[in-house]
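S.K.: Just the structure for this:
(chains A, B, C and D)
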Number of protein chains: 2
Amino acid sequence: MHDAGEATRAGIATHVGLTRAAVSSLVEQLLEHGFVSEWGKTSSGQAGRPGTVLKVARSGPAGLGVEINIDYVTVCVVDLAGTDRVRLVEHFDNRGVQPSEVLARAARLAARAIGSAAEQDLVPAGVHVALPGLVTGGTVRQAPNLGWQRVAVEGLFAQALLALRPAHRPLPVSSDNEANAAALAELWFGAGTEGVRSFLYLTGEIGIGGALVLGGELLRGAHGFAGEIGHMVVDPDGPLCRCGARGCLEQYAGQAALLTAAGIDADAGVQGVAELERRARRGDPVALSAIERAGQRLGVVLSGAVNLFDPDAVMLGGVYRELMDWLAPAVDRELALRVVSGLWSEDGKRLRASSSLGDAARGAAGVIVREVLADPAACAEREQG
Amino acid sequence: MHDAGEATRAGIATHVGLTRAAVSSLVEQLLEHGFVSEWGKTSSGQAGRPGTVLKVARSGPAGLGVEINIDYVTVCVVDLAGTDRVRLVEHFDNRGVQPSEVLARAARLAARAIGSAAEQDLVPAGVHVALPGLVTGGTVRQAPNLGWQRVAVEGLFAQALLALRPAHRPLPVSSDNEANAAALAELWFGAGTEGVRSFLYLTGEIGIGGALVLGGELLRGAHGFAGEIGHMVVDPDGPLCRCGARGCLEQYAGQAALLTAAGIDADAGVQGVAELERRARRGDPVALSAIERAGQRLGVVLSGAVNLFDPDAVMLGGVYRELMDWLAPAVDRELALRVVSGLWSEDGKRLRASSSLGDAARGAAGVIVREVLADPAACAEREQG
DNA sequence: CGGGTTTTGTTTATTTGCGGCACAAAATCA
DNA sequence: TGATTTTGTGCCGCAAATAAACAAAACCCG
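M.R.: Model prediction:
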């Protein structure tokens, strides 16, 4: 039979519905361009001629992903098979720094990653940059937590990278929201989420980022700003938010609100969250009730989102991932109460912690990989021309 | 030039990107089966041979749509060109009546519509039934306002219709949520919404129904329950809703809440709404503030939905359509304040009243028409076989 | 008024992708 | 060792679309 374990021509044929002949001719082209390679035979134990195992090439074209966040930059290179091959992280506070300076620094990191990739015979076919803000048409429209406004990210980054590698062909640069990239990472690389084709993804960071995946595709909205769950309303008369409105979710379940409610300095950053986790772990009632309260608010807002979108699952990432054990009960309770179809938690766990494999840089790199895989011919052509 | 005004083979060819030859052969097939017909020549005034005008046939296959609502049933037949050709409405309160009885009555109306259609040489290729409730897999999972639960609508309706027309081939029956059908009607037949490919649609009826259209496609969600905006939360500790939770939008901006707040009997139905409109029109402060208050709540919830979904527009239908003049300012104010991208009302009116042409029965009929148009060959084949 | 131009629709040849089928290859089974 | 089973690969043909040539039917202009 055609196990999902190993890919053979015949297996693919029955899987996709094409003839073996058709698959054969397509595979031949991919082999020719080096996108896939044959890896010996299947030893299935069953009768019949064994199939030749096909594997996606672990060298050649790759994806380069860059995540620029508030207090760190991550760069990673992913090969066609989807595995992380290079990963570089640099911590420093990007707040208040000139955008061009931040992007130049990210470009230096990217250039180093490209070097490391070259040592493994990997050649990035493009760069995808993920940022915590409203990104559209290659520019950051606004990123309040970075303090950016109308920054032409793609252009600046491409320019900085070209300055570092003058002899090379310029890499195509694309860009997107950080939550979108993280959601895609979850979709493509997440563990245990195989059947989940549509979900709501939340990243609890300084701000609350959100993304929607629908049927395996990212939902971008008419202007590319979909998923901004952090500014759904908890209380119309609540505290003022940086966005100008009152009572946004971010003011109740954002990192700062969470830490403040637990009696921890809101500017403590990563250490603050670690401290909160420690206190929760040893049962500190103030910490627990702070988390519980945030979870309840999160649950109320999420129930609205679930009623609107009816996803398979809700994934919590970022800070929420570490606090999941204490956060989940409150969130789940509200969802079970308020999701109108009445079938929340009817089939399996629908509230999940984001898989640790899912991060924005990897998702960003995945975007490039997907582009290459979507049209290998175009890529091979560009490689030669 | 290839005006959008009249369709010719050459015009279609440049429009879709195919060759004139390819279009020609395809058109020939459609002509053969009677889906389109030639309607003389273009008199463009420009040089060159005039094209033969092609029009979608106004006889032959058609769509039959049935809307079963709380206090009325509408049936309509739409031809391939998308125009209403038969429309029958029957008012009676369906609450508390046996589902099979309601469906049988709807089937009788449908049978009459089929008869009227036949007089115009129109033959429905299928029936689509729209209902105010959670519909999935051909059954109503729950329709609180009708008092239905787990009703196998498609089966019952098909059976009832077959009993009325024993000599005929059974029509394929499909079903969906009423708000979904209304949204599709707006999408396909709505006036002045040509460029709007993704929007949020609200029907203010006894309950508040909602639907999401994204890129010209209905967003159904993982289980088919997407769009339930009526149960997004205004206040977690608010009044108890029929769904079991507290503080749902329906309790603040639903028809009953609206009437009660204005001091009108909530059970007054259509007359009640008409009375509210009269009072608003003559400036009754109680009525105006009731509408304003509902609009504000609606705006708060809608801002969340807009942040999440980033649609081109928000369409208000049902009761809201008549109250639009007094409702819109409050709704728009909240949206302008809370939509985080900051570009609400930057480009044109994004809050709109639903076009009067859009109603659920017509949308339901449109579903059938689209199915026929999507695969005319299958339809023609079924016609003969 | 009659040729030149322009646009349309059709015809014919060619390409392309895939299904159908047959066949060789390579394993297990008896 | 032969039968069976499954895989991968040619070869033929169909179906659809492109390309290119051509006929038809209008307008333009001298």
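
S.K.: What count of nearby residues applies to the residue of the stretch 51-200 of chain A found nearest chain B?
M.R.: Across the stretch 51-200 of chain A, no residue is closer to chain B than residue A:198, which sits at 5.1 Å (CB to the nearest CB). C-beta here means a position set from N, CA and C on the backbone, and glycine is covered the same way. Using other CB atoms under 10 Å in any protein chain shown, residue A:198 is surrounded by 23 other residues.

S.K.: Was I right to think it contacts residue A:311?
M.R.: Yes. Here residue A:198 reaches residue A:311: they are 4.9 Å apart, a contact under CB atoms under 8 Å.

S.K.: what touches both of these two?
M.R.: Both residue A:198 and residue A:311 are in contact with A:212-214, B:221-222, where contact means CB atoms under 8 Å, 6 or more residues apart in numbering or on different chains.

S.K.: who wins for neighbours among the residues you listed?
M.R.: residue A:212 leads the shared contacts of residue A:198 and residue A:311 on contacts (other CB under 10 Å) with 27 neighbours.

S.K.: what bridges to the residue in the stretch 201-350 of chain A that DNA strand D sits nearest to?
M.R.: Of all residues in the stretch 201-350 of chain A, residue A:217 sits closest to DNA strand D, at 25.3 Å by CB to the nearest atom of the strand. Beta-bridge partners for residue A:217, by DSSP bridges, are residue A:214.

S.K.: Distance check, residue A:85 against residue A:37.
M.R.: According to CB to CB, to the nearest Å, residue A:85 stands 16 Å off from residue A:37.

S.K.: More neighbours: these two, which one.
M.R.: When residue A:85 and residue A:37 are compared for neighbours, residue A:85 comes out ahead with 20 against 15, by other CB under 10 Å.

S.K.: Torsion angles phi and psi at the more buried one?
M.R.: In terms of degrees, to the nearest 10, the main-chain angles of residue A:85 are phi -120, psi -30.

S.K.: separation between it and residue A:320?
M.R.: 29 Å.

S.K.: What pLDDT does the model give the closest residue to chain B within the stretch 101-250 of chain A?
M.R.: Here the stretch 101-250 of chain A gets closest to chain B at one residue, residue A:221, 2.6 Å apart by CB to the nearest CB. Residue A:221 is assigned 92 on the pLDDT scale.

S.K.: and the stretch 1-150 of chain A, which residues reach chain B?
M.R.: Residues of the stretch 1-150 of chain A lying near chain B by CB under 8 Å from any CB of the partner chain: A:134, A:141-142.

S.K.: nearest spatial neighbour of residue A:264, skipping sequence neighbours?
M.R.: Leaving aside its sequence neighbours, residue A:264 sits nearest to residue A:272 (CB to CB, 6 or more residues apart in numbering or on different chains; 5.0 Å).

S.K.: same question, residue A:338
M.R.: Nearest residue to residue A:338, sequence neighbours excluded (CB to CB, 6+ apart): residue A:303, at 3.5 Å.

S.K.: Just checking, which helix or strand succeeds the helix or strand hosting that neighbour along the chain?
M.R.: In this structure, residue A:303 is located in helix A:285-309 according to DSSP states H and E. The helix or strand immediately downstream of helix A:285-309 is strand A:313-318, counting by DSSP H and E.

S.K.: what is the orientation angle of that next one with helix A:285-309?
M.R.: Calculated by axes from the mean of the first three to the mean of the last three CA atoms, to 10 degrees, strand A:313-318 forms an angle of 140 degrees with helix A:285-309.

S.K.: what does the helix or strand that strand A:313-318 is followed by contact?
M.R.: Remark: after strand A:313-318, the chain's next helix or strand is helix A:319-322, criterion DSSP H and E. Contacts to helix A:319-322, defined as CB under 8 Å, 6+ apart, come from residues A:202-205, A:255, A:258, A:273, A:277, A:327, A:353-354, A:356.
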